[in-house]
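Student: here is a sequence with its predicted model. Questions after.
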There are 2 protein chains.
Amino acid sequence: MREPLLSSLLEPTAQKNKKGLNRRRYRQCKSAPLAGSVPPKKDVISSIPNSDSNVGKVHPSFKKVALFFAVYLGLGAVCFYLVRNQIEGKKTDGILDAVYFCIVTMTTVGYGDLVPNSALTKLLACAFVFTGMALIGLVLSKAADYLLEKQEILLVNALRKKVGPSDILKEAETNRVKYKCLTVFVLLMVLIVAGTTFLATVEKLEVVDAFYCVCATITTLGYGDKSFSTKAGRAFAVVWILTSTISLAQFFLYMAELNTERRHRALVKSVLTRKVTNVDLEAADLDNDGVVDAPEFVLYKLKEMGKITEEDISLVMEEFEDLDVDQSGALSASDIMLAQSSKPER
Amino acid sequence: MREPLLSSLLEPTAQKNKKGLNRRRYRQCKSAPLAGSVPPKKDVISSIPNSDSNVGKVHPSFKKVALFFAVYLGLGAVCFYLVRNQIEGKKTDGILDAVYFCIVTMTTVGYGDLVPNSALTKLLACAFVFTGMALIGLVLSKAADYLLEKQEILLVNALRKKVGPSDILKEAETNRVKYKCLTVFVLLMVLIVAGTTFLATVEKLEVVDAFYCVCATITTLGYGDKSFSTKAGRAFAVVWILTSTISLAQFFLYMAELNTERRHRALVKSVLTRKVTNVDLEAADLDNDGVVDAPEFVLYKLKEMGKITEEDISLVMEEFEDLDVDQSGALSASDIMLAQSSKPER
């Protein structure tokens, strides 16, 4: 479901090699096996993150998400500014408090230092928290990845100078999710230190209390016994709460992704190292000619890895049968011409 | 990443047809095209949810998650019971409050009706909220799906009596994610009504306030101006907060899954309806023999759908080349024997 971050970096090479590599490999399997020239383990790893790159391309665009976000915040600030007399608690500046209340609500931190005290504002807050959650979900699924991609390029470039271009690119693609985890972890640490320092200096909290408030905020716990009560504090909070809560959620998402990838990698490895038996050959032999050619073998193994299913294959097979007008069991240029000229009849 | 819920229901039929169907299809493509006998759209839809069924099988088990959960809650309750004098706020019963505080913290609701007031308890709360979040994530990724599976079978069985067995099974698999969404939505509505009724009757809140508190809780907002303050209320809250917050999160996850699936379906459809040109034929022709046979065509189209990548193919090709000892470009029983006897040499 996730777009491969580093693929854009590596695309030019990958695209260039696509056709050539494929052909070469297949021809080589008839003349000289390529076995061992590329370490299989590395390939197992690098093949996973890109498995649905085409799907990623149809994700909603970053601009669209940013627009939703701006509209939501603008609308929220105006709404809560208009009903500011029906919100009670520690107040500083009208507009700032409205934006602060909006952020504290949409991120579900909910300190409770400002609370609605009329039926209207209560229902308004309910509406805002649900839409806010959906919006944060959208941000998590798209925008955070987009921003991290840029961070990651910087990181890769920095490392590249140290280690040398080809090594680091190979390494970077192999550990793509690990890099994302690392980047977001570093960002999170910076945000935690910044938040603690700010609360200790500007809001005059003790260091333990400042750290406690930071943890209660980034996890969206928000007990509310410690919160941002000054004008400067709320201005800082507006930006800081949003980035830190999203960063922590993104960190958890990447950890989950890392875990899934590790399991997937183990599965791919077990499928590839498992001994091929005559039973496998029989099952893989799609055209029943007694031997298994390369594409048949690839389909069989990919099915075993769970990458594709019987349904996927039979679905494409239907299109194949449609196209194979002369029913030769193979498509040639004449089939294509026949299929297209006969199409209006169907 | 998700295990297909209904696949267990449908497995017997699917397994039985697996080999036979495949062979039959391929033979038919040489004699009589199967075109039109199965509506292509339905197949497009049903093929997606099962795409990584093998991956799902390596997920952590439900029992393991339940065990983590019990240990976490037990440990949390004991810890917070021991430091109950360092927690201030409205108290009812020692053990109950400790469990309630633990649940309010781990779900990140954080009303603030009970707050830690010593450095030790503050740091303890920080540790508990982080581990709690990770645990809730684990529950969301596994246990909720497991429980919903059972709900779903009930739903499918109920509907089956009305509509008839084969129709509903086909329909259920087609709309698998929609069913999950519906089930969790119904559950959520029940929980919202139950929570509102409870707060209005037992906690004596006004109906608007009760609904507001319900919304603030299930979203984990938890302003804390309204919360569970009676002994009965907290006993109810322990179960209700956990189930309702997880249900809402799961609902959002399923909505995202539905959205991803819709986009994926559109992509598959566009790949299958796109006209095949001579350029495609040339690119799909792996063995360069001038024609594209069925497995070659399937691999080409699945690559275009983003289900598999060039790396996936070349990875399996390497194993193929290893196995194809006589370098005939196809595997036969003798290759397998040769490959296995020659293995120790490598």
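Tutor: Ah, there it is.

Student: switch to C-alpha atoms for all contacts and neighbour counts from now on
Tutor: Noted.

Student: what about the strands in the stretch 101-250 of chain A?
Tutor: For the stretch 101-250 of chain A, applying DSSP state E, counting those that start in this stretch gives strands covering A:114-116.

Student: ok, which residues in it are in contact with chain B?
Tutor: Residues of the stretch 101-250 of chain A lying close to chain B by Cα under 8 Å from any Cα of the partner chain are A:105, A:107-113, A:115, A:119, A:122-123, A:126, A:129-130, A:133-134, A:208-209, A:212, A:215-216, A:219-225.

Student: now, those that are in helices?
Tutor: A:105, A:119, A:122-123, A:126, A:129-130, A:133-134, A:208-209, A:212, A:215-216 (DSSP state H).

Student: please pick the buried ones from those residues.
Tutor: Buried by 16 or more other Cα atoms under 10 Å in any protein chain shown: A:105, A:122-123, A:126, A:129-130, A:133-134, A:208-209, A:212, A:215-216, out of these.

Student: farthest-apart pair in the residues you listed, please.
Tutor: The most widely separated members of those, counting by Cα to Cα, are A:L123 and A:V208 (35.5 Å).

Student: helices along the stretch 201-346 of chain A, start to end?
Tutor: For the stretch 201-346 of chain A, the helices defined by DSSP state H, counting those that start in this stretch cover A:207-218, A:231-273, A:278-284, A:294-304, A:310-323, A:333-342.

Student: adding mean pLDDT and distance to A:V186, write these out as a markdown table.
Tutor: Below are these laid out as a markdown table (pLDDT from 0 to 100; distance: least, Cα to Cα, whole Å):
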| stretch | mean pLDDT | distance to A:V186 |
| --- | --- | --- |
| helix A:207-218 | 93 | 15 |
| helix A:231-273 | 87 | 10 |
| helix A:278-284 | 83 | 47 |
| helix A:294-304 | 86 | 36 |
| helix A:310-323 | 83 | 41 |
| helix A:333-342 | 74 | 54 |
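
Student: any chance of the ones you listed in CSV, plus distance to A:K142?
Tutor: Formatted as CSV, the helices of the stretch 201-346 of chain A follow (distance: least, Cα to Cα, whole Å):
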stretch, distance to A:K142
helix A:207-218, 20
helix A:231-273, 11
helix A:278-284, 39
helix A:294-304, 28
helix A:310-323, 27
helix A:333-342, 39
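
Student: got a list of what the closest residue to A:S332 other than its chain neighbours touches?
Tutor: Closest residue to A:S332 apart from its sequence neighbours, by Cα to Cα, 6 or more residues apart in numbering or on different chains: B:V291 at 4.9 Å. Applying Cα atoms under 8 Å, 6 or more residues apart in numbering or on different chains to B:V291 gives the contacts A:330-333, B:281, B:285.

Student: again, 10 Å this time
Tutor: By Cα atoms under 10 Å, 6 or more residues apart in numbering or on different chains, the residues touching B:V291 are A:329-333, A:335, B:281-282, B:284-285, B:297.

Student: repeat that for A:L253.
Tutor: Counting by Cα under 10 Å, 6+ apart, A:L253 makes contact with A:140-141, A:181, A:247, A:259, B:137.

Student: pLDDT below threshold where in the stretch 1-150 of chain A?
Tutor: The stretch 1-150 of chain A contains residues with pLDDT under 70 at A:1-60, A:143-150.

Student: what do you get if the cut-off is 50, keeping everything else the same?
Tutor: Residues of the stretch 1-150 of chain A meeting the criterion pLDDT under 50: A:1-59.

Student: CA-only coordinates of stretch A:230-242 in PDB, if you can.
Tutor: Extracted in PDB, the C-alpha atoms of stretch A:230-242 (Å, rounded to 0.1, in the frame of the first residue of the first chain):
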ATOM      1  CA  THR A 230       0.900  31.000  27.800                       C
ATOM      2  CA  LYS A 231       0.400  32.800  24.500                       C
ATOM      3  CA  ALA A 232       3.900  31.900  23.300                       C
ATOM      4  CA  GLY A 233       3.300  28.300  24.500                       C
ATOM      5  CA  ARG A 234       0.100  27.900  22.400                       C
ATOM      6  CA  ALA A 235       1.700  29.400  19.300                       C
ATOM      7  CA  PHE A 236       4.500  26.800  19.700                       C
ATOM      8  CA  ALA A 237       2.000  24.000  20.600                       C
ATOM      9  CA  VAL A 238       0.100  24.500  17.300                       C
ATOM     10  CA  VAL A 239       3.000  23.500  15.200                       C
ATOM     11  CA  TRP A 240       4.700  21.200  17.700                       C
ATOM     12  CA  ILE A 241       1.700  19.000  18.600                       C
ATOM     13  CA  LEU A 242       0.800  18.400  15.000                       C
END
